[in-house]
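In: Give the three-dimensional model of this entry:
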Amino acid sequence: MCLAIPAKVEKIENDMATCRVGESDTYIQVSLMLSEEEIVVGDYIIVHAGFALRKLDPAEAEESLRILRQLSEMAFGDEAQF
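Out: As a prediction, the model looks like this:
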């Protein structure tokens, strides 16, 4: 099973975005080459297998992250944070 996650774009350089995952200190490199929308710093995107699939509304991204946090807490307690 694969899980697509919301991430916030922090930096863009040569069709690659550096994105922050949730509130953690985890950053990922994401290719923007498949996105049909213009993506700018500050946008939330849905990421799967290293590619930005689409831009997300900030409220939708925060809700998704909230749900993922709750699932993580249920499974791992306070160990996992994002």
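
In: Can you list the strands that the top strand by length along the chain pairs with?
Out: Ranked by residue count, the top strand of the chain under DSSP state E comes out as strand 5-13. Here strand 5-13 has these sheet partners by DSSP bridges: strand 16-20 (antiparallel), strand 44-48 (antiparallel).

In: Any buried residues in the last one, and which?
Out: Residues of strand 44-48 classed as buried: 44-47 (neighbour count, 16 or more other C-beta atoms under 10 Å). For every residue, glycine as well, the C-beta is placed using N, CA and C.

In: What is whatever helix or strand comes next after it packed up against?
Out: Counting by DSSP states H and E, the next helix or strand C-terminal to strand 44-48 is strand 51-56. Judged by 3 or more C-beta pairs under 8 Å, 6 or more residues apart in numbering; DSSP states H and E, strand 51-56 is in contact with strand 27-31, strand 44-48.

In: And strand 51-56, what's buried?
Out: Result for strand 51-56 [16+ other C-beta under 10 Å]: buried residues 52, 55-56.

In: one step back: which stretch among the helices and strands packed on strand 51-56 comes nearest residue 76?
Out: Among the helices and strands packed on strand 51-56, strand 27-31 comes nearest to residue 76, with 19.9 Å by C-beta to C-beta.
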